[in-house]
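*Asks:* Fold the following for me, if possible:
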Amino acid sequence: MVAAPPDFKPLKVAVIGGGLGGLAAAVALRRAGHLVSIYERRDFKLEVGASISCAKNGAQWLRDWGVNIPSGKPIILEDLMMRDWRTGEVLNTYSLADYEHNWGTPYYMFHRVDMHEMLLRAATEEAGEGSPCSVVVDHIAEAADPEKGIVKFQNGVEVEADLIIGADGIRSILRREIGVTPDIKSANQTCYRCNVRRADLAKLGLEWAAHPAIQFWGGYPAPNLSMYYKIVMSPCSGGDLVSFYCFMPTELTNHTEEGFTFAEVPPSDILKAQYSELDPAARALIENSIDRMPWRLYIHQPYSHWIKGRICILGDAAHPMMPHQSQGACQAIEDAAALGIIFSREHGFTSDVKAGLELYEQIRKPRATRVQAASARATENLNERIGFTSLSAPEAKLAAKAGKLTVDEMNLYDMRAHIAKEVAARYDGAQAAQAA
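*Replies:* Got it, this is the predicted structure:
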């Protein structure tokens, strides 16, 4: 038995951090009828990055929110391909031809900048359900009071809100302010990101690189080749760019840290050690790349909690993960979707924000933590990734039996039903307690 929820009231929401997770949360809560302000530490023009995978479990929420997905210039992926490190020979191909038929959305690949602009438009434009979100730049959070719902910024500004969302990344200040102390260690593998222009592919005679696929080189133990050497390449930005993630053992990199400003590195920083043995075509692409940026990788143990008072954290602030399941953006989008559902007119949590945040953590923490752990395992064992991407029923069943992530687990999950079930259980429990 479920009673009608109390009267809905719009919440004043402060989103701290205007990256992909923060913007997704802003869109979700705008659509739910709330008044949202986004506070960003820097100008959005500095947004950087490479390609972003958006599988069905992320794409479904973009559709639900009415986001203009074509404006983000996504590539619809058709294949996942594995190549030999030294020769470039295609070793395996996983077809995604039936992906949309099976799951209801394409498997999208965005460029980070395009995806960011797409979500920013959805959050702030006049068109669309809900009041447009406001954006405030050059505001760096330095402290917060979770019980009073106050955030203090370095410029002296204080903001009070009914709900505060810490979407401020792996160096989150809001995470600290709710009492979480991260357990972090440097990963054995680190990465450089770079892009190649479509026009340069034609000059090099390597236009096959723009095929709508994720293509992998390396990533598994081979004679005289560390498994930490791996390339993940895919087109993005409507095909205008081909994006690379170039992984290697951490001890061989020149960079020891990264921050909010980045210095481009020369190709020689990447093309050393066993990259000298790389498939010549892949080497030529990297030699002619642009936007070559270091990306230091860390492994975070799951955090004890994500909420306190009126504050919650999401995305990289809550569950930073290695990139090897291509689920970082999707999990942040799922966090945002959960908040939008919990604080919707359907449920009664706008009159009890703390209870709503308790449910948010209950719903999201186990699933996101499982993906986080699987992403770390895939650093050491590429079969963990293959278990996720296997699309045939027999392979998926074997992967699930072995405890690996599967496409079924990611794409069949019904968050609305999960939340409704937990809300009903809470109500029934409260009714039983009153009767007793």
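*Asks:* I'd like the distance between V15 and R345.
*Replies:* As judged by C-beta to C-beta, to the nearest Å, V15 and R345 stand 20 Å apart. C-beta coordinates here come from the backbone N, C-alpha and C atoms, glycine included.
*Asks:* Leaving out sequence neighbours, find the closest residue to V371.
*Replies:* Excluding the flanking residues, the one nearest V371 by C-beta to C-beta, 6 or more residues apart in numbering is Q327, at 5.0 Å.
*Asks:* Name the residue in V15 and R345 with the higher neighbour count.
*Replies:* V15 (29 against 11; other C-beta atoms under 10 Å).
*Asks:* low-scoring stretches of the stretch 201-350 of the chain, by residue?
*Replies:* Low-confidence segments of the stretch 201-350 of the chain (pLDDT under 70): 254-262.
*Asks:* where along it do the helices fall?
*Replies:* Using DSSP state H, counting those that start in this stretch, the helices of the stretch 201-350 of the chain run over residues 267-270, 280-287, 328-342.
*Asks:* Out of those, the one nearest L297 is which?
*Replies:* L297 lies closest to helix 328-342 among the helices of the stretch 201-350 of the chain, at 11.6 Å (C-beta to C-beta).
*Asks:* name the helices or strands packed onto that closest one?
*Replies:* Packing contacts for helix 328-342, counted by 3 or more C-beta pairs under 8 Å, 6 or more residues apart in numbering; DSSP states H and E, involve helix 20-31, strand 51-54, helix 56-64, helix 353-380, helix 415-435.
*Asks:* so which of the helices of the stretch 201-350 of the chain comes closest to G205?
*Replies:* Nearest of the helices of the stretch 201-350 of the chain (C-beta to C-beta): helix 280-287, 9.1 Å.
*Asks:* Please look at A123 and S37 and confirm they touch.
*Replies:* No - with contact defined as C-beta atoms under 8 Å, A123 does not count as touching S37 (10.4 Å).
*Asks:* Of the helices of the stretch 201-350 of the chain, flag the one that's most buried.
*Replies:* With neighbours taken as mean count of other C-beta atoms under 10 Å, the helices of the stretch 201-350 of the chain reach their highest mean count in helix 328-342, at a mean of 26.
*Asks:* any idea of the angle it forms with helix 20-31?
*Replies:* 20 degrees (axes from the mean of the first three to the mean of the last three C-alpha atoms, to 10 degrees).
*Asks:* Look up how far N57 lies from the residue nearest to V371.
*Replies:* 8 Å.
*Asks:* now swap in A337 and tell me
*Replies:* Taking C-beta to C-beta, one finds A337 at 9 Å from N57.
*Asks:* At the geometric centre of the protein, which residue sits there?
*Replies:* The C-alpha lying nearest the average C-alpha coordinate of the chain belongs to A329 (C-alpha atoms, centre = their mean; 1.5 Å).
*Asks:* Measure how buried the closest residue to L201 other than its chain neighbours is and give me the count.
*Replies:* Leaving aside its chain neighbours, L201 sits nearest to E207 (4.9 Å; criterion: C-beta to C-beta, 6+ apart). Here the number of neighbours of E207 (other C-beta under 10 Å) works out to 12.
*Asks:* Verify the stated contact: E207 with D200.
*Replies:* No - applying C-beta under 8 Å, one finds E207 not in contact with D200, separated by 10.2 Å.
*Asks:* list the contacts for W295?
*Replies:* 190-193, 245, 258 (C-beta atoms under 8 Å, 6 or more residues apart in numbering).
*Asks:* what sits against I75?
*Replies:* 108-110, 212, 234-236, 238-239.
*Asks:* For V90, which of the helices of the stretch 201-350 of the chain is the nearest?
*Replies:* Closest of those to V90 is helix 280-287, at 12.1 Å (criterion: C-beta to C-beta).
*Asks:* about what we covered before: can you say which of the contacts of W295 are buried?
*Replies:* 190-193, 245 (16 or more other C-beta atoms under 10 Å).
*Asks:* Thanks again, I'm all set now.
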